[in-house]
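S.K.: Predicted structure and sequence below. I'll ask about it afterward.
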2 protein chains.
Amino acid sequence: MIRIGIYGYGNLGRGVEAAISNSKDMVLVGVFTRRDPSTVKTETDVNVISANDILDYKDKIDVLVLCGGSATDLPVQTPELVKNFNVIDSFDTHAKVLTHFKNVDEAAKATKHIGVISVGWDPGFFSIARLYSNAFLPDGNDYTFWGKGVSQGHSDAIRRIEGVLDAKQYTVPVKEALDAVRSGSNPELTTRQKHTRLCYVVAKEGADKARIEKEIKEMPNYFADYDTTVHFISLEELKEKHSGMPHGGHVIRTGATGLGLNYKDSIELTLKLDSNPFFTGSILISYARACYRLNKEGKSGCLTAFDIAPKYLIDKDYEEILGHLL
Amino acid sequence: MIRIGIYGYGNLGRGVEAAISNSKDMVLVGVFTRRDPSTVKTETDVNVISANDILDYKDKIDVLVLCGGSATDLPVQTPELVKNFNVIDSFDTHAKVLTHFKNVDEAAKATKHIGVISVGWDPGFFSIARLYSNAFLPDGNDYTFWGKGVSQGHSDAIRRIEGVLDAKQYTVPVKEALDAVRSGSNPELTTRQKHTRLCYVVAKEGADKARIEKEIKEMPNYFADYDTTVHFISLEELKEKHSGMPHGGHVIRTGATGLGLNYKDSIELTLKLDSNPFFTGSILISYARACYRLNKEGKSGCLTAFDIAPKYLIDKDYEEILGHLL
């Protein structure tokens, strides 16, 4: 059994907890939290331990899955914790990934651990899809569409507006843009042409809804570059219809093969997820499995999804995958 | 530059030839044929060499791409040639892949070469899609649909019927079956429910078309288990409208995540190819690149797509893929 620890217990931590409970080759040693452990209620029967005591578990955990945020948690935690543990994260700040890689790689190599970074579904699964399709179709164009799905960041941004009690924001791919890409016409698409933003907002009593709607639609980076629709609904309706965290998306590469590049091809990966954190948790523990196996083989340093052969991810032996999945 | 040889020059050999001409890090040393080399006309300016002289090229070729058939060529050629070369094949007889693997592995390890087997698009790219989706979604069901596309084997089977001058057969996925799978209802589908077979047949003058149609529709294994449509057309129409080799398909896995498995997810890879052999050729040379790099790292033995980390497949350096594809 591979002994797993979860470091940080929010939505993603719960996703990892569920994924471990659904896998036969892993056991969850404990959930580590910066909060008072007595205040943390887990979904399964598992030890909740103060993050301060993490080093006591150095020899009791094979892989530590980090479930903090990319903005401030992971840039510090991953390079620090990899000094004592094999670790996995889902770092998703594309612009800073090279720095993160180097920090983790240095600390991991010095202590012969492995740190696997950026293995959620994007970056992660979508990154692999982009890599395979670029390798197999070197002449072509890449397109990534997200949604329909809930963006936590955009929902949070709406909630920070004065007069807003609660909100949920869906990112929605534009059907015409998807169709144009799939047709092989290689369109150049602006931000506005690719996705729309759909907002369900609960206003506080007496709040100025027109002002809230205007503030949302004009918010730079988050909404100003998109066609945004705002619906004001009741708190009951929000809880009833919009409490989930569905997501998904499409990675598409269209390109050409043959002498003279006259033959058109397209490759598309589509994900439809009822729950973003549960699926991300499942990916994270697949990479925890790979991390454990590769470290046993003597490998160390920082790895991404690009470095890891598919066979390491799955809880089946090699003859079985040759027989059933090839 | 990676020095490539092509062994066997039919449709797939031409596909590999084109893929090499579209890649910047490879050079085609020669095409090896069992025919009289003077009778073989290549698409690009390349040496055509008798297969009998292959051993003269032992130190002049980094990877030999085998383009023979799975029925009788590859089971003999791959284990034999891997004694002197790193080799790649697209062996696709699922039932015999374990035997093929073991034969190639033994010969390759003894001589410190690598033999990469079964790396077309199915098996190959579709196999990887099945593996990743099984790893990330361990509770679920797999579905593979092929087409719409030309099946050489089925076209050949029709051509062998008395009175048939020429023929093309398309395998077509059934839309209702695809929709049912995508809905997440996990249907159990019979062979007949998944695909139909569409045949364009040119009959010889005076041939009995009713008898030909009956023979096609009742042919065991090839057609009897399918709803088959037969259209008789002229040779001109066949050449004009059905001379290509398009193909494609879908690998779909639907499953569930979360405690109690109440959250439904689906993962789908879709391929649409104007030319089956050109795309297959492109996959083969990506694995030739990986084979070359892994052998340089000291690796030997038989490998499949499951053993090879994505980064080895692409002609870009690691910082570039981290920056642009992650």
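M.R.: That came in fine, so what should we check first?
S.K.: And the strands in the stretch 151-300 of chain A?
M.R.: In the stretch 151-300 of chain A, the strands defined using DSSP state E, counting those that start in this stretch lie at A:164-173, A:195-203, A:227-232, A:247-257, A:263-273.
S.K.: would you list those strands in CSV and tack on distance to B:E188?
M.R.: Using the backbone N, CA and C atoms, a C-beta is placed for each residue, glycine as well. Conversion of the strands of the stretch 151-300 of chain A to CSV gives the following (distance: least, C-beta to C-beta, whole Å):
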stretch, distance to B:E188
strand A:164-173, 32
strand A:195-203, 37
strand A:227-232, 41
strand A:247-257, 25
strand A:263-273, 21
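S.K.: For these, please prepare JSON lines with the additional fields distance to chain B, mean neighbour count and mean pLDDT.
M.R.: Converted to JSON lines, those look like this (distance: least, C-beta to the nearest C-beta, whole Å; neighbours: other C-beta atoms under 10 Å in any protein chain shown; pLDDT from 0 to 100):
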{"stretch": "strand A:164-173", "distance to chain B": "15", "mean neighbour count": "21", "mean pLDDT": "98"}
{"stretch": "strand A:195-203", "distance to chain B": "20", "mean neighbour count": "21", "mean pLDDT": "98"}
{"stretch": "strand A:227-232", "distance to chain B": "25", "mean neighbour count": "16", "mean pLDDT": "98"}
{"stretch": "strand A:247-257", "distance to chain B": "4", "mean neighbour count": "23", "mean pLDDT": "98"}
{"stretch": "strand A:263-273", "distance to chain B": "4", "mean neighbour count": "23", "mean pLDDT": "98"}
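S.K.: do you know which of those lies nearest A:E188?
M.R.: When the strands of the stretch 151-300 of chain A are compared by C-beta to C-beta, strand A:247-257 sits nearest A:E188, at 12.8 Å.
S.K.: partner residues bridging the one residue sitting closest to the centre of chain A?
M.R.: Geometric centre of chain A, nearest residue: A:G120, 3.5 Å, by C-alpha atoms, centre = their mean. With beta bridges defined as DSSP bridges, A:G120 has these partners: A:G124.
S.K.: and the helix or strand hosting A:I20, which residues are buried?
M.R.: Using DSSP states H and E, A:I20 falls within helix A:11-21. Residues A:12-21 are the ones in helix A:11-21 that count as buried (16 or more other C-beta atoms under 10 Å in any protein chain shown).
S.K.: ok, which of those residues also contact chain B?
M.R.: A:15, A:17-19, A:21 (C-beta under 8 Å from any C-beta of the partner chain).
S.K.: Spit out the contact partners of A:Q77.
M.R.: A:7, A:66, A:68, A:89 (C-beta atoms under 8 Å, 6 or more residues apart in numbering or on different chains).
S.K.: Let's verify the residue of the stretch 51-200 of chain A found nearest chain B: helix, strand, or coil?
M.R.: Scanning the stretch 51-200 of chain A for the residue nearest chain B gives A:A135, at 3.9 Å (criterion: C-beta to the nearest C-beta). Put simply, A:A135 is helix when judged by DSSP: H, G, I helix; E, B strand; the rest coil.
S.K.: right, and it touches B:K311 too?
M.R.: No - assessed by C-beta atoms under 8 Å, A:A135 is found out of contact with B:K311, at 9.3 Å.
S.K.: Quickly list what the nearest residue to A:K217 once chain neighbours are set aside is bridged to.
M.R.: Nearest residue to A:K217, sequence neighbours excluded (C-beta to C-beta, 6 or more residues apart in numbering or on different chains): A:T228, at 5.0 Å. For A:T228, the beta-bridge partners are A:R197 (DSSP bridges).
S.K.: picking up where we left off before, partner strands of the helix or strand that the helix holding A:I20 is followed by and their direction?
M.R.: Once helix A:11-21 ends, the next helix or strand along the chain (criterion: DSSP H and E) is strand A:26-33. Paired with strand A:26-33 in the same sheet, following DSSP bridges, are strand A:2-7 (parallel), strand A:48-50 (parallel).
S.K.: Thought B:F101 was touching A:L322, still the case?
M.R.: Yes - counting by C-beta under 8 Å, A:L322 touches B:F101, with 6.3 Å between them.
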